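>>> fold the following.
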Amino acid sequence: MPQEAAILLIEDEPEIRRFLRTTLPAHGFRFHEAVTGRDGLAEAKARNPDLILLDLGLPDVEGNEVIRQIREWTTTPIIVLSARDQEHAKVAALDLGADDYVTKPFGLNELLARIRTALRHASRTSESVESVFTLGDLKVDLGRRQVFVSEKEIHLTPIEYKLLTTLIRYAGKVLTHRQLLKEVWGPLHMEEGHYLRVYMRQLRNKLEKNPAHPRYLLTELGVGYRLRTE
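Below is the predicted model:
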């Protein structure tokens, strides 16, 4: 993670701006802010921050349009700040290139964890994925295509393995149903959500101690899935 990473907040709610203006610098981040989408785009180009926090409900430009324009010139991580009743907007934002979302009202610890994960993911995007991925008692040897839970080898079908390695490649990042379907099954199957539900259930049954309360393969309700990294 970059030392004293710069974070740009694009948000029109004064309470949230005031809260993050105080707390983010206290946790070692440089902080910049903008109230409107247009000002946020200008700040992003002028300051080239390490991460952007973006409210979807801006007064002038829709948050999704801000994402679209930012993605025309940079891969800077974008974490969406979203209201609870905006599931379709969250999915659209992630499909447009946002890296994650945090639902309002949010806790500081959750937001900080999402920020750290996004910054770590960004720092290794230009590097190849490590040959062995370890998370708790889960170990995936990507070179040998072997999966272990508590040192016991687990057999996965080719589709299950591809789904797992796709989640590993984007570990910590929320992937929408459409993104996963495109990555694992191809662009002709992006509307076949039942494929994903069936295989995710099978994968949890094989990898999770309690599939009904997964530790690693997390559901983001109405949006998609995320592989926990901490």
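>>> lowest confidence element among the helices and strands of this structure?
None of the helices or strands of the chain scores lower by mean pLDDT, DSSP states H and E than helix 87-96, at a mean of 86.
>>> and it, which residues are buried?
By neighbour count on 16 or more other C-beta atoms under 10 Å, the buried set for helix 87-96 is 87, 89-96. In this view, the C-beta of every residue, glycine as well, is placed from N, C-alpha and C.
>>> check which element follows that helix along the chain.
On the C-terminal side of helix 87-96, the closest following helix or strand by DSSP states H and E is strand 100-104.
>>> check the offset of that next one from the chain's centre.
In terms of C-alpha atoms, centre = their mean, to the nearest Å, the centre of strand 100-104 is found 9 Å from the chain centre.
>>> elements contacting that strand?
Judged by 3 or more C-beta pairs under 8 Å, 6 or more residues apart in numbering; DSSP states H and E, strand 100-104 is in contact with strand 78-83, helix 87-96, helix 108-123.
>>> ok, and the closest non-adjacent residue to the residue positioned nearest the centre of the chain?
For the chain, the residue nearest the mean C-alpha position is Lys173 (2.5 Å; C-alpha atoms, centre = their mean). Of all residues not flanking Lys173 in the chain, Asp99 sits nearest, at 5.5 Å (C-beta to C-beta, 6 or more residues apart in numbering).
>>> pretty sure the one you found contacts Ile78?
Yes - counting by C-beta atoms under 8 Å, Asp99 touches Ile78, with 5.6 Å between them.
>>> of these two, which one has the most company?
Ile78 (27 against 24; other C-beta atoms under 10 Å).
>>> for that one, list the residues it contacts.
51-52, 54, 67, 70, 97-99 (C-beta atoms under 8 Å, 6 or more residues apart in numbering).
>>> what does the pLDDT read for it?
You'll see Ile78 listed with a pLDDT of 96.
>>> from Asp50, how far off is it?
From Ile78 over to Asp50 the distance is 11 Å, taken as C-beta to C-beta, to the nearest Å.
>>> what residue in the chain is the furthest from its centre?
For the chain, the residue at maximal distance from the C-alpha centroid (C-alpha atoms, centre = their mean) is Lys152, at 29.4 Å.
>>> contacts for the helix or strand where Asn64 lies, please.
Taking DSSP H and E as the criterion, Asn64 maps to helix 63-70. For helix 63-70, contacts defined as C-beta under 8 Å, 6+ apart pick out 10, 37, 40-41, 44, 52, 54-58, 76, 78, 80, 89, 92-93, 96-98.
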